[in-house]
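**Q** Give me a 3D structure for the following:
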Amino acid sequence: MENNKFDLYYNESRELYVVHGKTLREISKIFNVSERTLSSWKNNEKNYDIATWEEQRKKFLISKNGSIDVVKNSISAFLENLVIDPLAIDKETYNKINLLTKLLDKFEKREDIFASTISVMEYFTRFIKEKYPDEAETYLPVVREFFGWMEQWRK
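**A** Sure thing, here's the model as predicted:
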């Protein structure tokens, strides 16, 4: 039965947690899978994935589904493949390289801000769960809403 639930619900449960920010309790109600089983899946206890769901969620939130990584990798590859004699560089090429380098810097700064925000919110969530366990279910949706609100600053 356990493997059957895994086959049926693992990928969808992971997506609900990582991408949509659902709690294990919410996912448990959707699929009728125990929170204990979901916790095992989330913590990668049997090496289902390369990373835990928490690590995947962080990466998703920081990279906004990987789009920043794709752009960064493209710019980096372009710059690395540029073989230019520094003495023969024209003004237009110099301006393009300068612009792309500044873009990379902006991406990295933006990722740092979101990585820090996520880290602080994780500590805040742990604090609420530890100090105010009865109110945790009230606060956790507010934390998720905060992440949604933060999306406006990513653009």
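**Q** Which helix or strand in the chain has the lowest average pLDDT?
**A** With mean pLDDT, DSSP states H and E as the measure, the helix or strand of the chain carrying the lowest mean pLDDT is helix 67-81 (a mean of 65).
**Q** Would you map the helices across the chain?
**A** Secondary structure of the chain (DSSP state H): helices at 2-18, 24-31, 35-42, 53-63, 67-81, 91-131, 136-150.
**Q** mind giving me JSON lines with those helices and columns for mean neighbour count?
**A** Quick note: C-beta positions are derived from backbone N, CA and C, even for glycine. Listed next are the helices of the chain as JSON lines, based on neighbours: other C-beta atoms under 10 Å:
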{"stretch": "helix 2-18", "mean neighbour count": "15"}
{"stretch": "helix 24-31", "mean neighbour count": "16"}
{"stretch": "helix 35-42", "mean neighbour count": "18"}
{"stretch": "helix 53-63", "mean neighbour count": "18"}
{"stretch": "helix 67-81", "mean neighbour count": "12"}
{"stretch": "helix 91-131", "mean neighbour count": "13"}
{"stretch": "helix 136-150", "mean neighbour count": "13"}
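**Q** which of these has the lowest average pLDDT?
**A** Per-stretch mean pLDDT for the helices of the chain is lowest at helix 67-81 (a mean of 65).
**Q** most centrally placed residue in this structure?
**A** residue 60 (2.2 Å; C-alpha atoms, centre = their mean).
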